[in-house]
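Peer 1: What follows is a predicted protein model with its sequence.
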Amino acid sequence: MLLSLLYVLVSGIALPVGGIQMQYLWRNQLGDVYSLGLGSAACLGAAAATMSGWCSLTVGSFICTLICTIVCFFVTLRVSTQNLITFGILFGTFIGSLGTIVVTNAPNGDLLKQYYLWGAANFRLEGVTTADIIFSLCLFAAGLAAAILDSRKLSAHFRGEIELSSLHKALSLLAIMFLVTSAVSICGPIGFISLGVPNLSRIVCKKDDIRLHYIISSGMGIGLLLITYLVVQYVNFGIYLPISATMALIALPLMAIIFIKK
């Protein structure tokens, strides 16, 4: 229970903070941590590990998301922001296709169920080892520290006062990927929160200091995930409710009301 709540906090901070960083880096409200294929890479790694048994599910996810990070790191050095987004969509589709092939060739139904339960982001942390937890928390700490240290330059870049170099963008992307990987590899991909919450933060607070949005987005992310977790645990009507799907059902009406009013 306590470990599950710990990852509610980690995911509630890591995903929105990574999302707002991506939006400031791209100067685009559609910036999202999954846009560069991270979610697909996590699923591919988890699927390959689960079906082959060569390592734990979380280790497989870690390895594949970090490979994705390295690929995107070098691509960032070579292409423009607009082309990077296009590359990310195509790259994510390619990786997702590989994951589909792996999953559809599952040796048995139990392994398939294990993979899908991870992908549903249920915070049960089944099969997670102490080493997985330590590695994940180290990535989280490194990514969050980098986000705080880079906040002034990201805010200035977003306002158009400076233009970050390609190397700086690549390093920022690497730090963002560390943040997100710390949550995704343990809990599975959690949609909506890395795109919806940063946009909600920017609607609520018009100031463009990214440090304010770190705080607002983190508070919103933790609150939304905690409510969803409690609903899934205690108000599930006797059926299995995946975290990602349940959170979208809870948050989407709220987002629609706020967008319409604004």
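Peer 2: It's in.
Peer 1: When you work out contacts or count neighbours from here on, use the C-alpha atoms and nothing else.
Peer 2: OK.
Peer 1: give me phi/psi at the residue lying closest to Gly119 once chain neighbours are set aside?
Peer 2: Leaving aside its sequence neighbours, Gly119 sits nearest to Gly188 (CA to CA, 6 or more residues apart in numbering; 4.8 Å). For Gly188, the backbone dihedrals (degrees, to the nearest 10) come out as phi 90, psi 160.
Peer 1: Strands of this structure, start to end?
Peer 2: Ranges of strands in the chain, per DSSP state E: none exist.
Peer 1: State the distance from Ile101 to Leu90.
Peer 2: For Ile101, the distance to Leu90 equals 17 Å [CA to CA, to the nearest Å].
Peer 1: which of those two has more neighbours?
Peer 2: More crowded of Ile101 and Leu90, by other CA atoms under 10 Å: Leu90, with 15 against 12.
Peer 1: Quick check: the more buried one vs Ser165, distance?
Peer 2: To Ser165, Leu90 is 24 Å away according to CA to CA.
Peer 1: Counting neighbours, what do you get for the residue nearest to Phe74 when sequence neighbours are not counted?
Peer 2: Distance criterion CA to CA, 6+ apart; nearest residue to Phe74, sequence neighbours excluded, is Ala170 at 7.3 Å. Look at Ala170: counted by other CA under 10 Å, it has 21 neighbours.
Peer 1: I'd like to know the average pLDDT value across stretch 239-251.
Peer 2: Averaged over stretch 239-251, pLDDT sits at 80.
Peer 1: swap in stretch 124-132?
Peer 2: Average pLDDT, stretch 124-132: 78.
Peer 1: who touches it?
Peer 2: The contact list for stretch 124-132 (CA atoms under 8 Å, 6 or more residues apart in numbering) reads Ser4, Ser56, Leu57, Thr58, Val59, Trp118, Ile186, Cys187.
Peer 1: ok, the nearest residue to the third one once chain neighbours are set aside to Val231 distance?
Peer 2: On the basis of CA to CA, 6+ apart, the spatially nearest residue to Leu57 that is not a chain neighbour turns out to be Ala46, at 4.8 Å. Between Ala46 and Val231 the distance, using CA to CA, works out to 26 Å.
Peer 1: do the same with Ser40
Peer 2: 27 Å.
Peer 1: More neighbours: which of the two?
Peer 2: Taking other CA under 10 Å, Ser40 and Val231 do not tie; Ser40 has more neighbours (27 against 17).
Peer 1: May I ask you to confirm that the more buried one is in contact with Phe91?
Peer 2: No: Ser40 lies out of contact with Phe91 (CA atoms under 8 Å); the separation is 9.0 Å.
Peer 1: what ranges of the stretch 151-262 of the chain fall below the confidence cut-off?
Peer 2: Confidence mapping of the stretch 151-262 of the chain against pLDDT under 70 gives the ranges 254-255, 257-259, 261-262.
Peer 1: any idea where the helices of it begin and end?
Peer 2: Listed in chain order, the helices of the stretch 151-262 of the chain (DSSP state H, counting those that start in this stretch) span 151-159, 166-187, 193-204, 210-234, 243-261.
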